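Participant: how would this look folded up:
(one chain, ligands or ions: 1)
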Amino acid sequence: MPLEHEKELYGAVEAGGTKFNCAVITAARDIIGTKRVATTTPAETLQEVIEFFAPHRDSLLAVGVASFGPIDLDTESSTYGYITTTPKPGWHNADVVGTLNRALGVPIGWDTDVNGAALAEFRWGAAIDCDPTVYITVGTGIGGGAIVNGKAVHGLMHPEMGHLVVKRLPGDEFPGICPYHGDCLEGMICGPALERRNNKPGEEVAADDPIWDLVAQYLAGALYPITLLLSPKRIVIGGGVGSRPELLAKVMARLLVLNNHYVQPLDKAAGLIVAPGLGSQSGVMGAFELARQAAVARQKA
Ligand code: ZN
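Facilitator: Numbers count the residues shown, from 1 in each chain. Coordinates of the predicted model:
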């Protein structure tokens, strides 16, 4: 017999380009099982995800997937639930939601990893009661999600903040590495771009290396238009950069320089830019919230 609190379970999948972090979570947000699945081919990876959840099938109310992208979020589209134009080999047009739904027979919540993380930080993390909230991650890639009026932003597509055009810094000759745009934000300062600039991985670069000033300047160069557009009350920065507090302070300082006292509340918003309150759990808790929302939607239908 399952324990009382184990009768209603949710599946959470943080689907990343190198690994899928899976968890079985109770309604009280207790994690009762986890599995890390390597991102190989869609068939192989999704089969392992299904096998992890299968023993809990009778208790699962829904599964939420917070995925790398771009993904199709349009419920009217024939490719809803697919990962679409990713350059990741084998994952172009991979049907994630359909595959999991057919195998597990439960509703599947579906959104980008960054919209999921934004939801989790907004509900339980560093951005409680901060509406709008922006979550941006700077790592292997750069992505951003946003909560406006309590909901993750969707529309024609989903936000793609990592590909914002940024003003090139004087003297910076780096061509950028984005296969679509060259010198967009991601092309200029994502992990692999820093590795190309420095000939070594970002985690091996000293905290006082001038490259971090450059990272802060480009990041602020993207966060300023995001701030002007969405008026966020909080910006949560995850990924490798979010774990460097000195860098968050540099980004805020640069943001104020770019603002030049124009938007006055920004001058007083000392706690605007923060690290994730849920630490490395933002992603999986975001997927849990997507599962919870999918279960609620099923009950209403
Ligand atoms: Zn780009």
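Participant: and the closest residue to the ion within the stretch 201-301 of the chain, what helix or strand is that in?
Facilitator: Taking C-beta to the ion, the ion has its nearest neighbour within the stretch 201-301 of the chain at Ala222, 11.3 Å off. Using the backbone N, CA and C atoms, a C-beta is placed for each residue, glycine as well. Here Ala222 sits within helix 211-230, counting by DSSP states H and E.
Participant: list the buried residues of that helix.
Facilitator: Residues 212, 214-224, 226-227, 230 are the ones in helix 211-230 that count as buried (16 or more other C-beta atoms under 10 Å).
Participant: residues contacting the residue of the stretch 201-301 of the chain closest to the ion?
Facilitator: 161, 164, 166, 185 (C-beta atoms under 8 Å, 6 or more residues apart in numbering).
Participant: which of these are buried?
Facilitator: 161, 164, 166, 185.
Participant: quick one: low-confidence ranges for the stretch 201-301 of the chain?
Facilitator: 242 (pLDDT under 70).
Participant: what helix or strand is Phe20 on?
Facilitator: strand 19-26.
Participant: I'd like the average pLDDT over that strand.
Facilitator: Summarised as a single mean, pLDDT over strand 19-26 is 97.
Participant: how far away from the center of its chain is the helix holding Ala222?
Facilitator: The chain centre lies 17 Å from the centre of helix 211-230; the measure is C-alpha atoms, centre = their mean, to the nearest Å.
Participant: can you put the contacts of Ala222 in JSON lines and add distance to Tyr82?
Facilitator: Converted to JSON lines, the contacts of Ala222 look like this (distance: C-beta to C-beta, whole Å):
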{"residue": "Met161", "distance to Tyr82": "21"}
{"residue": "Leu164", "distance to Tyr82": "24"}
{"residue": "Val166", "distance to Tyr82": "29"}
{"residue": "Leu185", "distance to Tyr82": "25"}
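Participant: can you list the residues of the protein near the ion?
Facilitator: 163, 178, 180-181, 184 (C-beta under 5 Å from the ion).
Participant: number of nearby residues for Glu76?
Facilitator: If you count neighbours by other C-beta atoms under 10 Å, Glu76 ends up with 5.
Participant: all helices for the stretch 1-150 of the chain, in order.
Facilitator: Per DSSP state H, counting those that start in this stretch, the stretch 1-150 of the chain carries helices over the ranges 42-53, 96-104, 113-124.
Participant: Gly239: which of those is closest?
Facilitator: Across those, Gly239 has its closest neighbour in helix 113-124 (9.8 Å, C-beta to C-beta).
Participant: CA atoms of the closest one as CSV?
Facilitator: Once non-C-alpha atoms are left out, helix 113-124 reads as follows in CSV (Å, rounded to 0.1, in the frame of the first residue of the first chain):
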residue,chain,number,x,y,z
ASP,A,113,13.3,25.2,-19.2
VAL,A,114,13.6,28.9,-18.5
ASN,A,115,9.8,29.6,-18.3
GLY,A,116,9.7,26.6,-16.0
ALA,A,117,12.5,28.0,-13.8
ALA,A,118,10.8,31.4,-13.8
LEU,A,119,7.6,29.8,-12.6
ALA,A,120,9.4,27.9,-9.8
GLU,A,121,11.3,31.0,-8.7
PHE,A,122,8.1,33.0,-8.8
ARG,A,123,6.2,30.5,-6.6
TRP,A,124,8.8,29.3,-4.2
